[in-house]
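> when you get a sec, could you give me coordinates for this:
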Amino acid sequence: MSLMNFAKEELTRAGFFDKDAMYGGMLGDAVMKMIEVFMGEGHSGMSAPIAISAFEKVARFQPLTPLTGEDDEWMEIDGPSEGNPERAVCYQNKRCPHVFKDADGPYDIEGRIFREPSGACFTSRDSRVRISFPYVPHHEYVDVPASGDA
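The predicted structure is shown next:
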């Protein structure tokens with residue numbers, strides 16, 4: 001079975017083309033277009049997983065190489081203004097949107113992800129972890145009681 005046939009069959013089975021599906025069935029068509037482009041590239045068994053991995057990372061705004069912390073990786077997102085001249089400068093990493101730096105140094109706001117027994121995950125102020133460069137973004141999962149538990 002070709003990849004195109006396999007993809008269409010799986011997407012149909014999962015309801016991606018159904019009019020009452022999420023986004024009115026348009027996701028099935030969108031995925032089929034990506035499969036068509038992928039097939040047109042002629043990847044082999046060796047290059048296909050590399051291309052898929054690279055595509056998934058960049059589509060999720062994840063860097064392919066470690067962050068360096070160099071000046072060209074940052075954009076100022078907050079700082080002194082006419083109304084608040086004492087406001088501290090804060091920068092966001094252009095290559096990884098959950099990495100920031102302030103006067104105390106760089107940090108990852110998704111360094112710790114809290115996971116309830118149901119599998120539901122969330123972040124909070126306690127998710128922030130200080131980092132150093134080079135940095136490969138990663139998450140530490142911390143199991144916690146369910147939200148309603150005391």
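> show me where this protein has strands.
74-78, 90-93, 99-102, 105-108, 112-115, 121-122, 129-130, 140-143 (DSSP state E).
> which secondary structure elements does the lowest-mean-pLDDT helix or strand in the chain sit against?
Every helix and strand in the chain was compared by mean pLDDT, DSSP states H and E; the lowest is strand 74-78, with a mean of 91. Packing partners of strand 74-78 (3 or more C-beta pairs under 8 Å, 6 or more residues apart in numbering; DSSP states H and E): strand 90-93. Every residue, glycine included, has its C-beta placed from N, CA and C.
> give the buried residues for the strand it packs on.
By 16 or more other C-beta atoms under 10 Å, the buried positions in strand 90-93 come out as 91-93.
> list the contacts of that strand.
Identification of contacts with strand 90-93 by C-beta atoms under 8 Å, 6 or more residues apart in numbering yields 67, 73-79, 99-102, 106.
> mind doing that once more with 10 Å?
With contact meaning C-beta atoms under 10 Å, 6 or more residues apart in numbering, strand 90-93 is reached by 63, 67-69, 71, 73-79, 98-103, 106, 108-109, 135, 137.
> of the residues you listed, grab the buried ones for PyMOL.
In PyMOL syntax, the buried subset of these is picked out as below (16+ other C-beta under 10 Å):
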select buried, resi 63+67+69+73+74+98+99+100+101+106+108+109+135+137
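> just put the buried residues of strand 90-93 in CSV and tack on pLDDT.
Listed next are those as CSV, based on pLDDT from 0 to 100:
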residue, pLDDT
Tyr91, 95
Gln92, 96
Asn93, 97
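> nearest to Gly42 among those?
Here the nearest of the buried residues of strand 90-93 to Gly42, counting by C-beta to C-beta, is Asn93; it sits at 34.7 Å.
> report the beta-bridge partners for the closest one.
For Asn93, the beta-bridge partners are Trp74 (DSSP bridges).
> residue ranges for the helices of the chain, please.
3-13, 26-40, 47-59 (DSSP state H).
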